[in-house]
Every structure is written in C-alpha cells, then in structure tokens.
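A.B. asks: need the 3D shape of this:
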Amino acid sequence: MNLDHVFVCGDPALDFAATLRARRSLRFEMFVTPDRLDAWFVESGVVDAITPGDQSDVDRATTVREALYLLITARRRGEDYDPEALALVNDTARTPSAVPQLTAAGRWTQATSAEALSTVARRAVELLSGPDVPLLKECGNPECTRVYIDRSRGMRRQWCGMESCGNKIKAAAYRARKKGSVATG
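C.D. replies: Predicted coordinates:
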C-alpha cells in the first residue's frame, strides 16, 4: 500500500498540511483518491490499520488540511488565526479519535478515516499550542510550501528535507555556478 508519501516535517500535523504540494505554482494534490488518504494515515504512523474510506472522507480531510495549513501559517508568522479555520480544526479535534489498543504483539491502532483525522487535528492543537512553535520554519525552496520543525543545531536547517528539496536547490545552484564559470572562462 506504500504510495510514496513523504514525512519530513517533524510532526504528523505538519506532514498532513503538506499533502498539497507546491501551493504557489503546480498545486500537486496527494489525496486524489480514498486509497491515497488511507495510505497516508497508515504510512504516517497515525494508525496501524484503517477502515477503507470514501470520497466524502477525502473531501473532509482536504477541507481540514487547508484549515490546518492556514493555522500553521498564521502561528508561524505570529498572526491571528482565521476564525473559520480555527473552528473547523477544533471541531474535528473534538470528535472521537483513533484509540490505541494493547495486544500480545504490542500497541495496535485500527481506526476509521474520521477517527484518524481527529487524531491529526489533536496533534495540530498540541503542536500549535506547544513549545515547538518557535521552531516552525517554511522550506527554503521557493516551490515548496512545507512547514517543518527545525531542531538542527543553531536552527540552521533550510530545507524541509535534503532528498525532497535541498539536493534540488543545491544542484541547481551548482549548475548555475558552473554555467557562469564556463561563460566567463
């Protein structure tokens, strides 16, 4: 069921908000089908197993995701929250969430899409009201709009992830320098 979701932001709520990629240009949607949403919930570690969802689950998840992105952006910039976005995320967090169970093999969490979404909303509430707020940064790649937690030494991290953005930017800068040295050489 692995569908190549990327988890580089340091928190499931941030990774969830980043499932609409390249918001400033291409707008690449990761949740195009219920299967993709279901896979994200499992691959992110929010749940271990999910009851297959339907299109209404995708619609709800993308609506909550966009509200969450607005809240994350406002918090990072020190701005006031959008009241509608705040109400939606809080309403989602109030609904029953995924509940882990203890089994002979260890912890196991089976959930519906609505329960998994509530779990993500609760994580967002904890993140946006917690000690990591000063560590929130937006990726330095102009095409990327992921927000991540910068726990690097001296808070010097520039990219959401080296594989996803850092290497691309560094390679482009290298090619530009190389092209410039050939033109002047």
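
A.B. asks: excluding chain neighbours, what is closest to Leu86?
C.D. replies: Nearest non-adjacent residue to Leu86, counting by C-beta to C-beta, 6 or more residues apart in numbering: Leu71, 6.4 Å away. (Each C-beta comes from the backbone N, C-alpha and C, glycine too.)

A.B. asks: how close does the one you found sit to Thr145?
C.D. replies: 14 Å (C-beta to C-beta, to the nearest Å).

A.B. asks: do the same with Ala105
C.D. replies: Computed with C-beta to C-beta, the distance linking Ala105 and Thr145 is 38 Å.

A.B. asks: more neighbours, the two?
C.D. replies: Between Ala105 and Thr145, Thr145 has the larger neighbour count (other C-beta atoms under 10 Å), namely 20 against 6.

A.B. asks: and that one, what does it touch?
C.D. replies: 18, 21-24, 138-139 (C-beta atoms under 8 Å, 6 or more residues apart in numbering).

A.B. asks: rerun that using 7 Å as the cut-off
C.D. replies: By C-beta atoms under 7 Å, 6 or more residues apart in numbering, the residues touching Thr145 are 22-24, 138.

A.B. asks: again with Met155
C.D. replies: Each residue near Met155 by C-beta under 7 Å, 6+ apart is listed here: Leu135.

A.B. asks: read off the pLDDT value for it.
C.D. replies: Looking at Met155, its pLDDT reads 87.

A.B. asks: what backbone torsions are found at it?
C.D. replies: phi 50, psi 50 (degrees, to the nearest 10).

A.B. asks: now do the SS call for the residue nearest to Leu88 when sequence neighbours are not counted.
C.D. replies: Leaving aside its sequence neighbours, Leu88 sits nearest to Ala67 (C-beta to C-beta, 6+ apart; 4.3 Å). Secondary structure state of Ala67, per DSSP: H, G, I helix; E, B strand; the rest coil, is helix.
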